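Trainee: Predicted model and sequence below, questions to follow.
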Number of protein chains: 2
Amino acid sequence: MLRKFEEVLKKAKSAKKVKLSVAAAQDPYVLKSVYTAYREGIADAVLVGRQNEILHSLEECGIPLGLFEIVPVEGGLAEQSAKAVELVADGKAQVIMKGGVDTAILLKEVLREHRLRTGRTISLIGIVETEHYPKFLLITDPGMIIKPDLDQKKAIIINALEITRALEIEVPKVAVLCAREKVNPKMQETMDAQSLVKMNERGELKGCLVGGPFALDNAVSLEAAKHKGINHSVAGDADIFLVPDIVSGNILYKSLVFLSHAKSAGIVVGAKVPIVLTSRADSEETKLYSIAVAVLMSQRT
Amino acid sequence: MLRKFEEVLKKAKSAKKVKLSVAAAQDPYVLKSVYTAYREGIADAVLVGRQNEILHSLEECGIPLGLFEIVPVEGGLAEQSAKAVELVADGKAQVIMKGGVDTAILLKEVLREHRLRTGRTISLIGIVETEHYPKFLLITDPGMIIKPDLDQKKAIIINALEITRALEIEVPKVAVLCAREKVNPKMQETMDAQSLVKMNERGELKGCLVGGPFALDNAVSLEAAKHKGINHSVAGDADIFLVPDIVSGNILYKSLVFLSHAKSAGIVVGAKVPIVLTSRADSEETKLYSIAVAVLMSQRT
């Protein structure tokens, strides 16, 4: 079981080599992180986009020309995204990485490629390492699905399990987060929590242990859980933190990153391959960790 | 401007003496915190509840009998709460403190006492001190109102201003938190953010600066705000963090307390006097800080 990003990086360095397919690769921020991943021995990349712009950005970033294969696409961002996705569907790369293109445009192209479809909802998982918790916290979904319904919540959990497998977490514990630990018909998320726990008990949601409704303290602190009379193996020991909506997920993820100096990574799961979506505001570290997690996820294929 | 709980404690010690009216005071956890506040010179208390039980709990906690006035009420918890509220309405105490009674029962009695009514919604404010932010974060509402509408959000902000006044924050900056920094009709909270900003600009919501919609990073980090092209005086410098619902507020508050080792206090505002609501799971520190903030809030009356 991996508990720190340092362990993830180490493992990724010794793993089977993986190639990133970078959509709209002319973005210098993304090129820098791809170059770092390359130098660290974590991943190779194929750069998809306007050739002149890519060459210009490579020079601007001081990245040697000729290091990465370039697949020139002179069309718009949709065409560049489609080509990057196609390379992965063709098996020429194993991970999709967002460059200088809006997430919505890239994901549309991913969804159009039937060879990458799983039939599941696509969701984002934030992976957080903080000194205040002895292992990774997987927060989902902090940025894509505004307010998932019960079926989507089930899919979101299944997506997160792809990451816990890569992190070698044997039986991941899923905490369904709410404001309270009691079921309350006025709070739909507490009803959903109860339903997800039942699905899990009945074997309709496998490969994990689901507990809830939990307030956050019950999920991360055994002492707090005991205070509330909660006796469940997920209490105080959760790996996956299922939030009820994008607001609470975004706030949780960002409070850890910005008010607790946590380290983080972000991966989009639900297609047949992981998608690395970094934003300009992400630190260099975060981008590298995200690539490394995607590399570990690609080892099974 | 007070920035640390140590400063709040110091100020409370030298402040005009305030008396807490403790409803259902037989709870040993509450008695301990009242005793600590007394020894620290922060507050006196009158204990309301079943006399035998109070005396028993005092002995159990090693608190000298005769130190605090006891007002015996042999009825149930509602009667005990009503008496504690009445003492405050009569001016015999200045702060209501919840003892061994459910919040709902106590608040019902507060709302029945017309002398304590302000006409505003009653809301909870979590006050957080973390080493990762240079001043207090006031999070509201993390525990009472499930999903406030626009009017309630306005009231919640006005309530929070009672605390910023006590903390001597001259022009409090209010960040209306959402998942994104753009207005999106699919996210009601972003529409509400826009409305609250307009109310503030028009002078319908005074005594503060309101900004939003903000994702949490825009509210606490000027750098993150710049990345998103946000140029607003609240960006990166918020005092009050208005969350869209109880789930996101509860998660934010608890992530700071349980995953960032922050110090915290909690106060219910909206009646004419502050109400201290501590729970058994709260640390001794939190209870003392909550009492100290309530003491500072009572100095103006």
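Mentor: In hand now; what should we look at? In this text the structure is predicted, and so the values were computed from the model without any measurement.
Trainee: can we go C-alpha only for contacts and neighbour counts from here?
Mentor: Fine.
Trainee: which bits of the stretch 101-250 of chain A sit near chain B?
Mentor: With the criterion set to Cα under 8 Å from any Cα of the partner chain, the stretch 101-250 of chain A comes near chain B through A:130, A:132-133, A:143, A:146, A:178-179, A:187, A:215-217, A:220-221, A:224, A:227, A:244, A:246-250.
Trainee: which residues in the stretch 1-150 of chain A form helices?
Mentor: Applying DSSP state H, counting those that start in this stretch to the stretch 1-150 of chain A gives helices spanning A:5-13, A:28-39, A:51-61, A:77-89, A:103-112, A:150-166.
Trainee: can you count the residues close to the residue nearest to A:Gln152 when sequence neighbours are not counted?
Mentor: Nearest residue to A:Gln152, sequence neighbours excluded (Cα to Cα, 6 or more residues apart in numbering or on different chains): A:Thr121, at 6.5 Å. When counting by other Cα atoms under 10 Å in any protein chain shown, one arrives at 19 neighbours for A:Thr121.
Trainee: Assess the claim that A:Thr121 and A:Gly270 are in contact.
Mentor: Yes: A:Thr121 is within contact range of A:Gly270, at 5.9 Å (criterion: Cα atoms under 8 Å).
Trainee: just to revisit the earlier point, return the members of the residues of the stretch 101-250 of chain A next to chain B classed as buried.
Mentor: Using 16 or more other Cα atoms under 10 Å in any protein chain shown as the burial test, these include A:130, A:133, A:143, A:146, A:178-179, A:187, A:215-217, A:220-221, A:224, A:244, A:246-250 as buried.
Trainee: Any figure for the gap between the residue nearest to A:Gln152 and chain B?
Mentor: A:Thr121 sits 19 Å away from chain B when distances are taken as Cα to the nearest Cα, to the nearest Å.
Trainee: got the contact list for the residue minimising distance to the centre of chain A?
Mentor: For chain A, the residue nearest the mean C-alpha position is A:Ile267 (2.1 Å; Cα atoms, centre = their mean). A:Ile267 makes contacts with A:Leu124, A:Ile125, A:Gly126, A:Pro274, A:Ile275, A:Val276, A:Leu277, A:Ser290, A:Val293, A:Ala294, as judged by Cα atoms under 8 Å, 6 or more residues apart in numbering or on different chains.
Trainee: show me what contacts the nearest residue to A:Ile125 once chain neighbours are set aside?
Mentor: Using Cα to Cα, 6+ apart and skipping residues adjacent in sequence, the residue nearest A:Ile125 is A:Thr140, 4.7 Å away. By Cα under 8 Å, 6+ apart, A:Thr140 lies in contact with A:Ser123, A:Leu124, A:Ile125, A:Gly126, A:Ile156, A:Ile157, A:Ala160, A:Ile240, A:Phe241, A:Leu242, A:Val243, A:Gly249.
Trainee: again, 10 Å this time
Mentor: A:123-127, A:153, A:156-157, A:159-160, A:240-246, A:248-250, A:252-253, A:266 (Cα atoms under 10 Å, 6 or more residues apart in numbering or on different chains).
Trainee: What pLDDT is listed against it?
Mentor: A:Thr140 is assigned 98 on the pLDDT scale.
Trainee: Can you report phi and psi for the nearest residue to A:Tyr29 once chain neighbours are set aside?
Mentor: Nearest residue to A:Tyr29, sequence neighbours excluded (Cα to Cα, 6+ apart): A:Arg280, at 6.6 Å. Dihedral pair for A:Arg280: phi -60, psi -30, per degrees, to the nearest 10.
Trainee: and A:Arg280, how far is that from B:Leu116?
Mentor: Applying Cα to Cα, to the nearest Å, the value for A:Arg280 to B:Leu116 is 51 Å.
Trainee: three-state assignment of the residue nearest to the centre of chain A?
Mentor: Classification of A:Ile267 using DSSP: H, G, I helix; E, B strand; the rest coil returns strand.
Trainee: From A:Ser255, how far out is it?
Mentor: Per Cα to Cα, A:Ile267 is found 18 Å from A:Ser255.
Trainee: again with A:Gly62
Mentor: According to Cα to Cα, A:Gly62 and A:Ser255 sit 34 Å apart.
Trainee: where along chain A do the strands fall?
Mentor: With DSSP state E as the criterion, chain A has strands at A:19-23, A:44-49, A:69-72, A:95-98, A:123-129, A:137-140, A:173-177, A:209-214, A:240-242, A:263-269, A:275-276.
Trainee: Arrange those strands in a markdown table, one row each, with distance to B:Glu40 as further columns.
Mentor: Below are those laid out as a markdown table (distance: least, Cα to Cα, whole Å):
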| stretch | distance to B:Glu40 |
| --- | --- |
| strand A:19-23 | 61 |
| strand A:44-49 | 63 |
| strand A:69-72 | 70 |
| strand A:95-98 | 57 |
| strand A:123-129 | 38 |
| strand A:137-140 | 39 |
| strand A:173-177 | 38 |
| strand A:209-214 | 35 |
| strand A:240-242 | 40 |
| strand A:263-269 | 39 |
| strand A:275-276 | 54 |
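Trainee: B:Pro72 is nearest to which of those?
Mentor: Minimum separation from B:Pro72 across the strands of chain A (Cα to Cα) falls at strand A:209-214, 37.6 Å.
Trainee: Adjacent strands (with direction) for that closest one?
Mentor: If you go by DSSP bridges, strand A:209-214 pairs up with strand A:173-177 (parallel).
Trainee: tell me the mean pLDDT over the partner strand?
Mentor: 98.
Trainee: cool, and stretch A:113-125?
Mentor: Here the average pLDDT along stretch A:113-125 is 95.
Trainee: what does stretch A:29-48 give?
Mentor: 96.
Trainee: And for A:Lys83, nearest residue in space, chain neighbours not counted?
Mentor: Take A:Lys83 and drop its neighbours on the chain: the residue closest to it by Cα to Cα, 6+ apart is A:Val48, 7.1 Å away.
Trainee: and A:Ala104, what does it touch?
Mentor: The neighbours of A:Ala104, taking Cα under 10 Å, 6+ apart as the test, are A:Ala78, A:Val110, A:Met144.
Trainee: where's A:Ile240 relative to chain B, distance?
Mentor: From A:Ile240 to chain B the distance is 15 Å (Cα to the nearest Cα).
Trainee: Equivalent analysis for A:Leu137, please.
Mentor: As judged by Cα to the nearest Cα, A:Leu137 and chain B stand 11 Å apart.
Trainee: Distance-wise, check the closest residue to A:Glu223 other than its chain neighbours relative to chain B.
Mentor: Sequence neighbours aside, A:Gly236 is the residue nearest to A:Glu223 in space, at 7.6 Å (criterion: Cα to Cα, 6+ apart). According to Cα to the nearest Cα, A:Gly236 and chain B sit 11 Å apart.
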